[in-house]
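Colleague: Let's see this in three dimensions:
(one chain, ligands or ions: 2)
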Amino acid sequence: MSFFRILNFGVTRRTSMSKTEHPSRSDGNPNLIRTRAASTHDTIRVPIEVVLSEKYNKALAFTLEERQRLCIHGLMPACVRSYEEQMLGIETNFHSFQTNVGRYRYLRALRQGYERLYFQFVSKNIKIVLPIIYTPTVGLACTIYGMLYRGISGLHITKHDRGHMKQILSNWPMRSTVKAICVTDGERILGLGDLGANGMGISVGKMELYTALAGIPPSKLMPVCLDVGTNNKTLHEDPLYIGLRDERLKGDEYVCFVDEFMEAVVQTFGQQTLIHFEDFATPNAFMFLNRYRNCYCHFNDDIQGTASVGLGGLLGIQRITKKPLEEHVILFAGAGSAVMGILYLLKTELISRGLSEEEAVKNIYIYDQEGALTTRRKNIPENLIVFAKDMKKIKSLEKLVEAVKPSIIMGATSSAGLFSEKIIRSMTANHERPGIFAFSNPTAKSECTAEQAYQYSDGKAIFSAGSPFPPVEFNGKRLTPGQANNCFAFPGVVLGTMAVMAESMPDEIFLLAAHMLSKFPTDEEVEGGRIYPLVDQAKDVAYKIGVAVAKYLIDNGFAKRSLESDDVEDYILKNSYELEYGSALAETWKYPKMKPHPSIAAFEKKLPKKK
Ligand SMILES: O=C([O-])CC(=O)C(=O)O
Ligand SMILES: [Mg+2]
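Modeller: Numbers count the residues shown, from 1 in each chain. Ligands and ions are numbered 1, 2, ... in the order given. The predicted model follows:
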């Protein structure tokens, strides 16, 4: 292929284009293409692998001039498709699949062949595409990731790579532009447990939201899966499993492995590289969050991202009920990353309102596998001691609800159906608008469904869930569940942090994100029972949180980029991923390895002499 390209270049070919027909770029330096295109009508020496790589491939949208000058004329049919026609083609294909996994598979192929086209489609169809590339379908896809595997989508680092991780990191094709990494070790994928190297699907999905919602160019992003083995025996026996069939690394060996990874990342990509931890098992998630607190620019989405969305929802309930949060009785079910993150942020919020720690935790109850968290329990984790109540032991959640009469219940237990009819009815008997949050993902793990929440509460529940639920018709009213998902927090927080090149991510930015999020529904929408924005608004949410976070980081001395607060909006918009195609002639020209176009004569000198 490449051989023919070079020979092709040697032939000076004139196209039938006049100067006025040259495409002009909508962004960047318009002179770049004008001068080159106008001064040389010959073909452009860009390897075909580059022109047709996922980054530059426009499929049937290549113009005739591009096809001719890039020497791809004839490799595609005559039709030159417009944006609308391309979208129609993808939509038609997308809907032709009968299952969500089929759609996921189709979108993966699209991304791998045509990156910009893929993001055009995702960006235009957030509401229908998010449930495929993100929760819930991505969870199912991770369970069969080996079967779906279709080439490079992120970096896999295994326990055998210890000692040379820098080398592995620099194998990433876009190593010169990486600014953020989403890393998982696959041990707690959503509520699905240990999926080992299949967890790569989650890192990929999260980073696609960086681009689709926050406009961060994909070239700056690198999904990573740390393959430290898996304790999932089913995967060991799965002939299509893509990872190591060993037990997980443990103890010091495991920690040293992740330490080396962190150090190799900043040495390879710089100290300001943002490192997003995703779906680590709870104890490890907290351990790394604390261990690296003052050393790296990192956050844990399951703890801190969920906390923003959880607190944002609680602030929304406050708007609906017109009752301050401190007067609500809030019951948390579960004691994993999500609950602990929300607890911490909620306590911070209440203390910032002037409450003492004791007052702040007074109305907050915790229920986990051992029952209600009481002072009688032995070995309470240190950060939960303050929440333990001096009360008799209660084993069942239903009994606990009867005893403490919560106005809000928040579950992140991966225990489908935990919020029973009895619980919801009991809450409704005591409160006009009970708040019900079922955070567990994917949908099949939800603590209750939207339908159950509305039915058992006679339509009074303010219901939100981590995964999307469709609206429910109840007594002639259409009730729309809220989506209490991190996708309303992490894209914006990351956008703001990256914009200013911060070297750390203080807790305050997650509190800020929660407050910003709670302000999205209008007063009218709040009247109608809405506490979260609609998924269609997720881009706007990311942008506004991004701007607020960037300004906070600048104003509080965390920013390393010299950027004034007043210039943040402008900076973010200018650096946003361009969804529209530029001219392929100019775009591929920017291909980093390409030298400036040599003169034909200089090139011809290199050709073998004719005998
Ligand atoms: O990925 C999601 O949808 C939310 C999340 O982080 C999790 O459930 O672990
Ligand atoms: Mg997660």
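Colleague: Going by C-alpha atoms from here, please, whenever you check contacts or count neighbours.
Modeller: OK.
Colleague: how about the residues of the stretch 251-400 of the chain near ligand 2?
Modeller: Within the stretch 251-400 of the chain, the positions lying close to ligand 2 (CA under 5 Å from the ion) are 279, 302.
Colleague: which stretches of the stretch 251-400 of the chain form strands?
Modeller: Per DSSP state E, counting those that start in this stretch, the stretch 251-400 of the chain carries strands over the ranges 274-277, 297-300, 330-333, 364-368, 371-372.
Colleague: before we move on, what about the stretch 401-550 of the chain?
Modeller: 408-411, 435-438, 462-465, 472-474, 477-479, 482-483.
Colleague: mind listing what the second one pairs with, with the direction of each?
Modeller: Think strand 435-438. Strand pairing for strand 435-438, using DSSP bridges, gives strand 408-411 (parallel), strand 462-465 (parallel).
Colleague: Contacts (any at all) between ligand 1 and it?
Modeller: No - judged by CA under 6 Å from any ligand atom, strand 435-438 stays clear of ligand 1, getting no closer than 10.8 Å.
Colleague: which residues touch that strand?
Modeller: With contacts defined as CA atoms under 8 Å, 6 or more residues apart in numbering, strand 435-438 is touched by 317, 407-412, 446-448, 453, 461-466, 484.
Colleague: mind redoing it with 6 Å?
Modeller: The contact list for strand 435-438, computed with CA atoms under 6 Å, 6 or more residues apart in numbering, reads 408-411, 446-447, 461-465.
Colleague: same thing with the shortest one?
Modeller: With CA under 6 Å, 6+ apart as the test, strand 482-483 has contacts from 464-466, 468, 532.
Colleague: ok, back up a step: reformat the strands paired with strand 435-438 as TSV; add distance to ligand 1 and mean pLDDT.
Modeller: Below are those laid out as TSV (distance: least, CA to the nearest ligand atom, whole Å; pLDDT from 0 to 100):
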stretch	distance to ligand 1	mean pLDDT
strand 408-411	12	98
strand 462-465	10	98
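Colleague: JSON lines for those strands, including mean neighbour count?
Modeller: Formatted as JSON lines, the strands paired with strand 435-438 follow (neighbours: other CA atoms under 10 Å):
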{"stretch": "strand 408-411", "mean neighbour count": "25"}
{"stretch": "strand 462-465", "mean neighbour count": "28"}
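Colleague: Let me have those in CSV, extended by distance to ligand 2.
Modeller: CSV is the format used below for the strands paired with strand 435-438 (distance: least, CA to the ion, whole Å):
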stretch, distance to ligand 2
strand 408-411, 15
strand 462-465, 14
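Colleague: Please render those as JSON lines that adds distance to Glu253 to the earlier fields.
Modeller: Conversion of those to JSON lines gives the following (distance: least, CA to CA, whole Å):
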{"stretch": "strand 408-411", "distance to Glu253": "33"}
{"stretch": "strand 462-465", "distance to Glu253": "37"}
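Colleague: Minimum distance to Met516: which of the ones you listed has it?
Modeller: With distances scored as CA to CA, the stretch of the strands paired with strand 435-438 nearest to Met516 is strand 462-465 (17.8 Å).
Colleague: what residues does that closest one touch?
Modeller: 435-439, 481-484.
Colleague: can you count the residues close to the nearest residue in space to Leu107 that is not next to it in sequence?
Modeller: Excluding the flanking residues, the one nearest Leu107 by CA to CA, 6 or more residues apart in numbering is Tyr118, at 7.4 Å. When neighbours are defined as other CA atoms under 10 Å, Tyr118 has 21 of them.
Colleague: same check, this time on Asn430
Modeller: For Asn430, the count of nearby residues is 13 (other CA under 10 Å).
Colleague: Give me the distance between the closest residue to it other than its chain neighbours and ligand 2.
Modeller: Leaving aside its sequence neighbours, Asn430 sits nearest to Lys405 (CA to CA, 6+ apart; 6.8 Å). Per CA to the ion, to the nearest Å, Lys405 is found 30 Å from ligand 2.
Colleague: pretty sure Leu479 is in contact with Pro470, am I right?
Modeller: No - if you go by CA atoms under 6 Å, Leu479 and Pro470 don't touch, sitting 9.1 Å apart.
Colleague: Point me to the residue of this structure nearest ligand 1.
Modeller: In the chain, no residue comes nearer to ligand 1 than Leu190, which is 3.8 Å away by CA to the nearest ligand atom.
Colleague: For that residue, pull up the helix or strand it's in.
Modeller: In this structure, Leu190 sits in neither a helix nor a strand according to DSSP states H and E.
Colleague: Can you pull the poorly scored residue ranges out of the chain?
Modeller: 1-41, 589-611 (pLDDT under 70).
Colleague: Near ligand 1, which residues of it are found?
Modeller: Residues of the chain lying near ligand 1 (CA under 6 Å from any ligand atom): 135, 190, 279, 302, 440-441, 485-486.
Colleague: With neighbour count as added columns, please give these in a markdown table.
Modeller: A markdown table is the format used below for these (neighbours: other CA under 10 Å):
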| residue | neighbour count |
| --- | --- |
| Thr135 | 23 |
| Leu190 | 25 |
| Asp279 | 26 |
| Asp302 | 26 |
| Ser440 | 27 |
| Asn441 | 26 |
| Asn485 | 25 |
| Asn486 | 21 |
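Colleague: Including distance to Asn294, could those go into CSV?
Modeller: Converted to CSV, the residues of the chain next to ligand 1 look like this (distance: CA to CA, whole Å):
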residue, distance to Asn294
Thr135, 31
Leu190, 27
Asp279, 21
Asp302, 19
Ser440, 30
Asn441, 31
Asn485, 27
Asn486, 24
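Colleague: my read: the residue nearest to Leu107 touches Arg111, true?
Modeller: Yes - at 5.2 Å, Tyr118 and Arg111 qualify as touching, with contact defined as CA under 6 Å.
Colleague: ok and the residue in the stretch 301-450 of the chain nearest ligand 2?
Modeller: Among the residues of the stretch 301-450 of the chain, Asp302 lies closest to ligand 2, at 4.8 Å counting by CA to the ion.
Colleague: quick one: contacts for that residue?
Modeller: 337-338.
Colleague: Ok, the one 4 residues further on next?
Modeller: Under the criterion of CA under 6 Å, 6+ apart, the neighbours of Thr306 are 338, 486.
Colleague: on that earlier part again, make JSON lines out of the contacts of strand 482-483 and add distance to Gly102.
Modeller: As requested, the contacts of strand 482-483 are exported to JSON lines (distance: CA to CA, whole Å):
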{"residue": "Ser464", "distance to Gly102": "27"}
{"residue": "Ala465", "distance to Gly102": "24"}
{"residue": "Gly466", "distance to Gly102": "23"}
{"residue": "Pro468", "distance to Gly102": "19"}
{"residue": "Tyr532", "distance to Gly102": "30"}
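Colleague: From those, pick the one nearest His160.
Modeller: Lowest distance from His160 to the contacts of strand 482-483 (CA to CA) belongs to Gly466, with 35.6 Å.
Colleague: Check the gap between that closest one and Asp238 for me.
Modeller: In this view, Gly466 and Asp238 are 29 Å apart by CA to CA, to the nearest Å.
Colleague: quick one, which of those two is more surrounded?
Modeller: Each of Gly466 and Asp238 has its neighbours counted (other CA under 10 Å); Gly466 has more, 27 against 13.
Colleague: got the contact list for that one?
Modeller: Gly466 makes contact with 439-441, 483-485, according to CA under 6 Å, 6+ apart.
Colleague: redo that, cut-off 8 Å
Modeller: Gly466 sits next to 438-443, 446, 483-486 when contact means CA under 8 Å, 6+ apart.
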